[in-house]
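Undergrad: model this:
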Amino acid sequence: MTQRITKAVIPAAGLGTRFLPATKAMPKEMLPVVDKPAIQYVVEEAVAAGLTDVLVVTGRNKNALENHFDRVAELEATLARKGDTVKLEKVNESTGLADMHYVRQGDPLGLGHAVSRARMHVGDEPFAVLLGDDLIDARDELLTKMLAEQVERDASIVALLEVDPDSIHLYGAAAVEATGDPDVVRVTGLVEKPAKEDAPSNYAVIGRYVLKPEVFGVLARTAPGKGGEIQLTDALMTMAEDVEGTGGVYGVVFRGRRYDTGDKLDYIKAVIQLAADRDDLGTDLKTWLAEYTSTFEAD
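TA: This is a model prediction of the structure:
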């Protein structure tokens, strides 16, 4: 019987320098997206896909992450005394989401190194990796499809998104071959943040992975790459060649709604897009936005 995948790893040790000074004392993963921190959306996505065991790879000054998913007895008691059940329910949502665990990355040696820190917790079973900069709309299927493909193909799976070729230098780019499924491709090569003219395609790797445990051994043998860091992309390139019987790498092509919170402008866009779709905020926000944008002068 195939073992059900239950473990998710969320790397969250970055310094968040693009959002300074807001992230001077607060983890970037705790920046609010409407009224929830970004990392809560990611954990909710994992849980919705059946991943109930979540390991967060953290760094210094990240205690707020652990506190957010922990009980706050005094706050809960205060809200209960006031009879404020709505706010109490919102506070408790994050507390019981998943079985949460934490490990320090220690040295900032890249995404590949962060993933390797999960080895003791994950053990010898496939697992998912979810990056907090990419928020996937809960109404669009991605992670469940990736988990199913991992089981069916006994391979590692990455999420791919077709992007404007002028933007491919911001991502890992995949060379691909078609399969019998138009939404699944076989990955034959990966290049980390290539120049437009060097990119093998405009299929960009976005922040969702379902990996076989063999990735840990490959990462241990992966030399530092671009930026002097251990790149997960480099390890996946080795696995795509399947020279050690790792099963290869396949990509699930995502065509749904993705919100990039990785830089300031895209973060603002994400907040507006998600708020505009809310029942409690959308109507008033869209009315205001229409009025506000009508005052802009054409360039």
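Undergrad: Give me the number of neighbouring residues for the nearest residue to residue 70 once chain neighbours are set aside.
TA: In this structure, residue 70 finds its nearest non-sequential neighbour in residue 95, 6.9 Å apart by Cβ to Cβ, 6 or more residues apart in numbering. Where C-beta positions appear, they are placed from N, C-alpha and C, glycine not excepted. When counting by other Cβ atoms under 10 Å, one arrives at 13 neighbours for residue 95.
Undergrad: check which helix or strand covers residue 93.
TA: For residue 93, the element it lies in under DSSP states H and E is helix 85-95.
Undergrad: Can you show me the CA trace of that helix as CSV?
TA: Once side chains and other backbone atoms are set aside, the C-alpha atoms of helix 85-95 remain, and they are given as CSV (Å, rounded to 0.1, in the frame of the first residue of the first chain):
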residue,chain,number,x,y,z
THR,A,85,-16.9,34.7,19.9
VAL,A,86,-16.1,36.0,16.3
LYS,A,87,-12.6,37.2,17.3
LEU,A,88,-12.1,34.2,19.6
GLU,A,89,-12.8,31.8,16.7
LYS,A,90,-10.3,33.7,14.5
VAL,A,91,-7.6,33.5,17.2
ASN,A,92,-8.2,29.8,17.7
GLU,A,93,-8.1,29.1,13.9
SER,A,94,-4.3,29.2,13.8
THR,A,95,-3.9,27.3,17.1
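Undergrad: which residues touch it?
TA: 35, 40, 43, 68, 69, 70, 71, 72, 75, 76, 79, 80 (Cβ atoms under 8 Å, 6 or more residues apart in numbering).
Undergrad: so how far is residue 79 from the residue nearest to residue 70?
TA: When Cβ to Cβ, to the nearest Å is the yardstick, residue 95 and residue 79 sit 13 Å from each other.
Undergrad: re the thing from before, pLDDT averaged over the helix holding residue 93, what's the number?
TA: Taken as a whole, helix 85-95 has an average pLDDT of 88.
Undergrad: ok, which stretches of this structure are strands?
TA: Along the chain, counting by DSSP state E, strands occupy 7-11, 32-33, 36-37, 53-58, 99-104, 127-130, 134-136, 156-162, 172-178, 184-192, 203-211, 249-253, 258-260.
Undergrad: picking that back up, spatially, which two of the contacts of helix 85-95 are the most separated?
TA: Pairwise distances across the contacts of helix 85-95 peak at 24.3 Å for 43 and 80 (criterion: Cβ to Cβ).
Undergrad: These two: who's more crowded?
TA: Between residue 43 and residue 80, counted using other Cβ under 10 Å, residue 43 has the larger neighbour count: 23 against 11.
Undergrad: any idea how far the nearest residue to residue 48 once chain neighbours are set aside is from residue 258?
TA: In space, and not counting its chain neighbours, residue 48 is closest to residue 138: 6.7 Å by Cβ to Cβ, 6+ apart. Here the distance between residue 138 and residue 258 works out to 12 Å (Cβ to Cβ).
Undergrad: quick one, which of these two is more surrounded?
TA: Neighbours per residue (other Cβ under 10 Å) separate residue 138 from residue 258, with residue 258 holding more: 18 against 11.
Undergrad: Give me the contact list for stretch 14-34.
TA: Contacts of stretch 14-34 (Cβ under 8 Å, 6+ apart): 12, 37-39, 41, 59, 61-62, 64-65, 68, 108, 132, 135, 259, 261-264, 267, 270-271, 274-275, 278, 281.
Undergrad: Surely residue 230 touches residue 113?
TA: Yes. Look at residue 230 against residue 113 with Cβ atoms under 8 Å: they come within range, at 4.4 Å.
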